[in-house]
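S.K.: A structural model of the following input is requested.
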Amino acid sequence: MAKIVNIVNGTGSVELINGTYTVTAEVNGYDNATINPDSVVVDAATNTYSFTIGATGTLTLHVTEDGTETGTAIVGATFIRTDVDGNEYGDAITTDASGNAVFNNVPFSATDAPVIYFKQTASDGDHEFSSAVQNTTLTTDTATLQITNTVGATRTINITDANYANLPIGVATLTFTN
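M.R.: Numbers count the residues shown, from 1 in each chain. The predicted structure is shown next:
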């Protein structure tokens, strides 16, 4: 007899008697053949069983100053996968010389594709970026998103003598480190 477990946010429950079970999966956007393990022995000593499943899609984030295919590429911008709340998962990826950061093994589906969440965690030090959680869906096995990292704004920096009000310092060097 088959028992179906409905999973919501990674968790589900079902009443199972002790025994050996073959496990199959129906997970939209994932390669169902990669369910691991594909069999399990349920025994009285264990009430929690964990499985993994893989995806085969590729999401490329192309980062430029103007967010276009032909814009000036940003090298060294970092991104990480998240959930809707911004909790981080996996390893960060970094843009290469072409401004591309590639998330491999992401889910895709022509219909009802799962949402992929990610956020940018850094840029190259000369460009602004949004650290907000972003999302997309892949309806094919590969997709490229254009991401904008604008040049930092020009700021005016003044320095005056602390003992003589408003007396400008003639020559100085200030270093800003973040």
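S.K.: contacts, neighbours, all on C-alpha from now
M.R.: OK.
S.K.: quick check, central residue of this structure?
M.R.: By Cα atoms, centre = their mean, the chain has its centre lying nearest to R81, at 2.0 Å.
S.K.: average pLDDT for the helix or strand hosting that residue?
M.R.: For R81, the host element (DSSP states H and E) is strand 78-82. Here strand 78-82 scores 98 as its mean pLDDT.
S.K.: for that strand, output the C-alpha coordinates as CSV.
M.R.: Taking C-alpha atoms only, strand 78-82 is exported to CSV below (Å, rounded to 0.1, in the frame of the first residue of the first chain):
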residue,chain,number,x,y,z
THR,A,78,28.7,38.3,-4.5
PHE,A,79,25.3,36.6,-4.2
ILE,A,80,23.8,33.8,-2.1
ARG,A,81,20.6,31.7,-2.3
THR,A,82,18.0,32.5,0.3
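S.K.: ok, and what's touching that strand?
M.R.: Contact partners of strand 78-82, identified using Cα atoms under 8 Å, 6 or more residues apart in numbering, comprise 88-95, 101, 116-123, 133.
S.K.: partner strands of it, parallel or antiparallel?
M.R.: The strands beside strand 78-82 in its sheet (DSSP bridges) come out as strand 88-94 (antiparallel), strand 116-122 (antiparallel).
S.K.: how much space separates H127 from V63?
M.R.: H127 sits at a distance of 11 Å from V63 (criterion: Cα to Cα, to the nearest Å).
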